[in-house]
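# Need a 3D model of the following:
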Amino acid sequence: MPSPETLAKLPVTVITGFLGSGKTTLIRHLMQNPGGKRLAIIVNEFGDVGVDGDILKSCAIPGCADIPAENILELANGCICCTVADDFIPTIEALMALDPRPEHILIETSGLALPKPLLKAFDWPDIRSRITVDGVIALADAEAVAAGRFACDVAAVDAQREADDALDHETPLSEVFEDQIACADIILLTKPDLAGAAGLAKAKAMIAAHAPRPLPVIEVGEGVIDPRIILGLEAAAENDLEARPSHHDTAHDHDHDDFESVVIDLPEQSDPADLVARVERLANEMNILRVKGYAAVAGKPMRLLVQAVGARVRHQYDRPWGPDEARQGRLVVIAEHDDINEAAIRAVLTR
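Residues are numbered from 1 along each chain as shown. All right, here's what the predicted structure looks like:
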């Protein structure tokens, strides 16, 4: 007879958020502090090569080693909701077949993902009786939200549109942001130190303006949060779709054609500061949205992790290079479709 654990629906937490909002940092913290739960992780990346999955699998902080490599799976080259039958369901089934079975699955969505179509994927007959969406956690960069990059005065925009049908103040980026907020059960406002008190207040007001219902908003630095706050919500979000409106509710499907990524292999670097300056140049001169990956630095036994949102670049040594591992750097560069010039990007990063 199946055990109660086998019969119970397996809870899944969807972690969404805009580019560079801190999703991987949060998951690394949960890996180190799982709250007594046996975790499994699915990383859904945008681009040809998965970097976040590699970062999590090689996590060097204490506690990460407690999660076996087979509990961390990657889905690259497209969004989960577009490849349900081919990728998502087999991945879920592979995790559920593990012995011991995971007690909770975390899904890190692409920063470009619309979360609601993913929730609809949980209604597929093969899995709907076996898994449930415990909650949707949306991360928002406090400084970026406070600067008004993804939010607008909805009433004013509607008035302008009524006056002139040619006006369109909605961009793909703002729609992604608003859809993530509307779909969430909890908002984590990240990088509060960069926003300051006034920025935090403004960010919270903007989120409240776009949220379809009152939502808890929690300030989180470096991904540090008690797992009891975000795991075990029992939201059953797949059964609550009407309360999670989307800009794309009337669309039959969606795509990510507004965005494009390129992968750049890097030779060994002599100076990390010079690499950072080149990444900053991409944002300032080519409107690059996001750069993430790693590099090898001459004379350094540790791998250099690089994460950039616009011109704000963070870098740190995260783990030693393996004895049989090629000291080869790799960066994923993401921008809106019209801003991608692979030759120009490659020229800046590999000069």
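
# Let me see the confidence value for the residue nearest to Asp185 when sequence neighbours are not counted.
Of all residues beyond its chain neighbours, the one nearest Asp185 is Gly135 (4.4 Å), with distances taken as C-beta to C-beta, 6 or more residues apart in numbering. All C-beta atoms are positioned from the backbone trio N, CA, C, and that covers glycine. As predicted, Gly135 sits at a pLDDT of 94.

# all helices for this protein, in order.
In the chain, the segments counted as helices under DSSP state H are 4-7, 23-32, 52-57, 89-96, 115-121, 142-146, 154-163, 172-183, 192-210, 227-230, 272-286, 342-350.

# Can you lay out the ones you listed as a markdown table showing distance to Ile41 and mean pLDDT?
Converted to a markdown table, these look like this (distance: least, C-beta to C-beta, whole Å; pLDDT from 0 to 100):
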| stretch | distance to Ile41 | mean pLDDT |
| --- | --- | --- |
| helix 4-7 | 19 | 47 |
| helix 23-32 | 6 | 89 |
| helix 52-57 | 6 | 51 |
| helix 89-96 | 9 | 84 |
| helix 115-121 | 15 | 84 |
| helix 142-146 | 25 | 88 |
| helix 154-163 | 35 | 39 |
| helix 172-183 | 19 | 81 |
| helix 192-210 | 25 | 92 |
| helix 227-230 | 14 | 92 |
| helix 272-286 | 27 | 92 |
| helix 342-350 | 29 | 92 |
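
# Of all those, which one is nearest Glu219?
When the helices of the chain are ranked by distance to Glu219, counting by C-beta to C-beta, first place goes to helix 192-210 at 4.4 Å.

# Can you tell me the strand partners of the longest strand seen in the chain and which way each runs?
Determined from DSSP state E, the single longest strand within the chain is strand 131-141. The strands beside strand 131-141 in its sheet (DSSP bridges) come out as strand 10-17 (parallel), strand 186-190 (parallel).

# Phe88 and Leu95: what is the separation?
Applying C-beta to C-beta, to the nearest Å, the value for Phe88 to Leu95 is 11 Å.

# same check, this time on Asp134
Separation of Asp134 from Leu95 (C-beta to C-beta): 15 Å.

# and the two? which has more neighbours close in?
Neighbours around Asp134 and Leu95, counted as other C-beta atoms under 10 Å, are more numerous at Asp134. The numbers are 24 against 21.

# Could you report the neighbour count for the residue lying closest to the more buried one once chain neighbours are set aside?
Distances taken as C-beta to C-beta, 6+ apart place Pro11 nearest to Asp134, at 3.6 Å, with adjacent residues excluded. By other C-beta under 10 Å, 22 other residues sit near Pro11.

# ditto for Thr25
Under the neighbour criterion other C-beta under 10 Å, Thr25 is assigned a count of 20.

# cool, and the one 5 residues further on?
Applying the criterion other C-beta under 10 Å, we find 23 residues in the vicinity of Leu30.

# tell me the contacts of Leu215?
For Leu215, the contacting residues are 181, 184-187, 207-208, by C-beta atoms under 8 Å, 6 or more residues apart in numbering.

# From the recorded domain assignment, give the ranges for the protein.
Annotated domains of the chain cover 9-243, 259-350 [automatic domain parsing].

# So which of those is the most surrounded?
For the domains of the chain, the stretch with the most neighbours on average is domain 9-243, a mean of 18; neighbours defined as mean count of other C-beta atoms under 10 Å.

# Who is the residue lying closest to Leu349 once chain neighbours are set aside paired with across the strands?
Excluding the flanking residues, the one nearest Leu349 by C-beta to C-beta, 6+ apart is Ile264, at 5.0 Å. Residues in a beta bridge with Ile264, per DSSP bridges, are Leu331.
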